[in-house]
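In: generate a structure from the sequence data that follows.
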Amino acid sequence: MTKPIRVLIADDHLIVREGLRLILETAEGIELVGEAADGVEAVQLAGELQPDVILMDLRMPEMDGLTAIKRLQATQPEVAIVILTTYNEDDLMVQGLKAGARGYLLKDTDRETLFNAIWAAARGEMLLKPEVIAKLLAHAAAPETEAEEIALTEREQEVLDAVACGYRSKEIAVKLGITERTVKAHLTNIYNKLGVDSRAAAVAEAMQRGWL
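Out: Residues are numbered from 1 along each chain as shown. Model prediction:
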């Protein structure tokens, strides 16, 4: 029997935590292991409870979510972090993805999207909703003129586009008619060029550069 996905909630609003708790308790294959009311508590509980996925609010007292993400990436990089956000936090959302979060959820998201995001994050993938991608693309700043000039090959761009659409490496290989090993090699090249180390960070950086 597959072990349930262990989830930790980090949000300073009690009503948000209670709502998420009620939803998660109805999900098969997901186990809520703890709740944190601020970033400091989130980092502490992550070390104690060893969750698979953390649902992380960005605006919290004591330590904000962005700082907590950076701390956790340094100490527990295997933990998948999904940002809890609202539409007016696009800047922080992009920063969170670049810091290592594997995805994001709007706080008014539906139950199915919540479950899918948690499952995707636990698999090391990122689930991107089209309307949120559109919001990020509209908000993404143009690359700074002094930034180092880099460019992706046509194949690397195809791989990046597929990643941004939520395709897994195996699916990208089938889609492009190449091996999964080649897909991973292209991803490594993309990460090196963008100075990132995850799919989410690559998508966030590419959005800011206007590549998606």
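
In: tell me the strands beside the helix or strand harbouring residue 104, with direction?
Out: Applying DSSP states H and E as the criterion places residue 104 in strand 103-106. Here strand 103-106 is paired, per DSSP bridges, with strand 80-85 (parallel).

In: quick one, phi/psi of the nearest residue to residue 11 once chain neighbours are set aside?
Out: Nearest residue to residue 11, sequence neighbours excluded (CB to CB, 6 or more residues apart in numbering): residue 57, at 4.0 Å. Backbone N, C-alpha and C define where each C-beta goes, glycine included. The phi/psi pair for residue 57 (degrees, to the nearest 10) reads phi -70, psi 150.

In: counting by contacts, list what the helix ranked longest in the chain packs against.
Out: Among the segments of the chain that qualify as a helix by DSSP state H, the longest is helix 180-194. The contact analysis (3 or more CB pairs under 8 Å, 6 or more residues apart in numbering; DSSP states H and E) places helix 180-194 against helix 154-164, helix 169-176, helix 199-208.

In: can you redo those as CSV with distance to residue 106 and mean neighbour count?
Out: Below are the helices and strands packed on helix 180-194 laid out as CSV (distance: least, CB to CB, whole Å; neighbours: other CB atoms under 10 Å):
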stretch, distance to residue 106, mean neighbour count
helix 154-164, 18, 18
helix 169-176, 25, 16
helix 199-208, 16, 24
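
In: what sits up against the strand holding residue 104?
Out: Residues from elsewhere that reach strand 103-106 (CB atoms under 8 Å, 6 or more residues apart in numbering): 55, 82-87, 93, 96-97, 113-114, 117, 120-121, 126-128, 132, 200.

In: if we go to 10 Å?
Out: Strand 103-106 has contacts (CB atoms under 10 Å, 6 or more residues apart in numbering) with 20, 53, 55-56, 58, 80-87, 89, 92-94, 96-97, 113-114, 116-118, 120-121, 125-129, 131-132, 135-136, 166, 199-200, 203-204.

In: can I have the buried ones of those residues as a ChimeraX selection?
Out: To isolate the buried members of those in ChimeraX, using 16 or more other CB atoms under 10 Å:
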select :20,53,55,56,58,80,81,82,83,84,85,89,92,93,94,96,97,114,116,117,118,120,121,125,126,127,128,129,132,136,166,199,200,203,204
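
In: out of the contacts of strand 103-106, which sit inside strands?
Out: 53, 55-56, 80-85 (DSSP state E).

In: so the host helix or strand of residue 15 versus strand 53-57, what angle?
Out: Assigned by DSSP H and E, residue 15 belongs to helix 14-24. Per axes from the mean of the first three to the mean of the last three CA atoms, to 10 degrees, the angle that helix 14-24 makes with strand 53-57 is 150 degrees.

In: state the mean pLDDT of the strand holding residue 104.
Out: Confidence over strand 103-106 (mean pLDDT, whole number) is 83.

In: could you do stretch 183-200 as well?
Out: Mean predicted confidence for stretch 183-200 is 87.

In: would you map out the domains in the chain?
Out: 5-138, 144-208 (automatic domain parsing).
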